[in-house]
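In: what follows is a predicted protein model with its sequence.
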Amino acid sequence: MSTQKALVVLEPKGAFAVQDRDIQEPGAGEVLVELRATALNPVDWKIQAFDFFITEYPAVLGTDGAGVVVKVGAGVTNVAVGDKVLFQGYFDNRRATFQQYAVVASEIVAKIPPNLSFEEASTIPLTLATAALALYSPKPQGIALAAPWEAGNRGKYAGEPIVVIGGSSSVGQQVIQFARLSGFSPIITTASPSNSALLKSLGATHIIDRSAPLSELPAAVQAITSAPVKVAYDAISAPDTQNAAYDVLAPGGKLVIVLAQAVDAGRLTPQKEVVHVFGSVQAPDNRKVGASLYAALPGLLASGEIKPNKVEVLPGGLAGIPAGLEKLRAGVSALKLVARPQENL
């Protein structure tokens, strides 16, 4: 069996190191991808710091990948050797993306159109899943809206408002784009004024300054629209943002969160729902919606209806990822940090 370089966490809450590891073989319905780019996400530094999801050490992390198909397993027909693809990794050493090769089920890979680089494509998978699965998966995984990539559903929610907390975050940007495809209007988001032009280009119609007191959010939304807000997506999901977003909702409304629920108990009412999304198309409960999304994704990317995040490429290949995770932990806005696994090794 051939070997590759991989960045691993040596032990629970331990240090990172670049090691040699075996390259895995794809099974039936799977493909082996030579990774050309992998994006960093907050979950990566959190796993290393707090030790969750992982059952095997040394552990390879990383859930955003783009590269070239180098082997296909039995029964694979949607992609072929040589295809440029993007995919979402998972929390095991076979499927994680902080390495030079990873295995993935072919039904959840998408061909990269010519208008995207590997680096741009690698910013898409996790944030795409976190946005789309929350909005369009059946309950309890999501809030069961009609998926706009399926026939007859484009623009279905025309005239209905949506509020997105943290619009300039990587997830927030994807939520705004899906909201536009679904027809929501107005699309109201909190963000720094410096990111207004970017977010409006993605589909946001109104920007509320993120530095304004959250207690003023319901009034700010009401000043924009008198229509009842039935959907709010909190891409930040701190306790204060969850409470503010919950207060914005009308009876019958649904709040999507990406971290553990922290809405004050005194606020909770049976008239409003809170849904915590697990943003992975790898998860069995999410696979059906994920496969449907990935079948449509090349077209959405080629048309520009779904755009990637802005990219900052890290130096040093896999060895540069730990410093990138520290930078991510300190806070970045409106961009994704990306490493090139084949570089400098």
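Out: Structure's in. What do you need?

In: and V274, what helix or strand is that in?
Out: Element membership for V274 (DSSP states H and E) is strand 273-276.

In: for that strand, which strands pair with it and how are they oriented?
Out: strand 254-257 (parallel) (DSSP bridges).

In: give me the distance from the partner strand to the chain's centre.
Out: Distance of strand 254-257 from the chain centroid (Cα atoms, centre = their mean, to the nearest Å) equals 16 Å.

In: do the same with stretch 112-127
Out: Worked out by Cα atoms, centre = their mean, stretch 112-127 lies 12 Å from the chain centre.

In: tell me where the model's unsure across this structure.
Out: Within the chain, the stretches with pLDDT under 70 are 1, 345.

In: break it into its domains for me.
Out: The record's domain parsing of the chain by automatic domain parsing lists 3-124+308-339, 128-276.

In: could those domains go into JSON lines alongside mean neighbour count and distance to L300?
Out: C-beta here means a position set from N, CA and C on the backbone, and glycine is covered the same way. Converted to JSON lines, the domains of the chain look like this (neighbours: other Cβ atoms under 10 Å; distance: least, Cβ to Cβ, whole Å):
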{"stretch": "domain 3-124+308-339", "mean neighbour count": "20", "distance to L300": "9"}
{"stretch": "domain 128-276", "mean neighbour count": "20", "distance to L300": "6"}
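
In: with just CA atoms, put the helix or strand just after the strand holding V274 into PDB.
Out: Moving toward the C-terminus from strand 273-276, the next helix or strand (DSSP H and E) is helix 287-302. Output of helix 287-302 as PDB, limited to C-alpha atoms (Å, rounded to 0.1, in the frame of the first residue of the first chain):
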ATOM      1  CA  ARG A 287     -27.400  11.700   3.000                       C
ATOM      2  CA  LYS A 288     -30.600  11.800   0.800                       C
ATOM      3  CA  VAL A 289     -30.800  15.600   0.800                       C
ATOM      4  CA  GLY A 290     -27.000  15.800   0.500                       C
ATOM      5  CA  ALA A 291     -27.000  13.600  -2.600                       C
ATOM      6  CA  SER A 292     -29.800  15.600  -4.200                       C
ATOM      7  CA  LEU A 293     -27.900  18.900  -3.500                       C
ATOM      8  CA  TYR A 294     -24.500  17.500  -4.800                       C
ATOM      9  CA  ALA A 295     -26.200  16.400  -8.100                       C
ATOM     10  CA  ALA A 296     -27.400  20.000  -8.700                       C
ATOM     11  CA  LEU A 297     -24.300  21.700  -7.300                       C
ATOM     12  CA  PRO A 298     -22.100  21.800 -10.400                       C
ATOM     13  CA  GLY A 299     -24.800  23.800 -12.200                       C
ATOM     14  CA  LEU A 300     -25.300  26.200  -9.300                       C
ATOM     15  CA  LEU A 301     -21.600  26.900  -9.100                       C
ATOM     16  CA  ALA A 302     -21.200  27.300 -12.900                       C
END
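
In: the helix or strand that comes right after helix 287-302 packs against which elements?
Out: Using DSSP H and E, the helix or strand that directly follows helix 287-302 along the chain is strand 310-313. Packing partners of strand 310-313 (3 or more Cβ pairs under 8 Å, 6 or more residues apart in numbering; DSSP states H and E): helix 118-122, strand 335-339.

In: now strand 310-313 - C-alpha only, CSV.
Out: This file holds the C-alpha atoms of strand 310-313, laid out as CSV (Å, rounded to 0.1, in the frame of the first residue of the first chain):
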residue,chain,number,x,y,z
LYS,A,310,-13.0,34.6,-0.4
VAL,A,311,-9.7,32.7,0.0
GLU,A,312,-6.5,33.3,1.9
VAL,A,313,-4.0,30.6,1.1
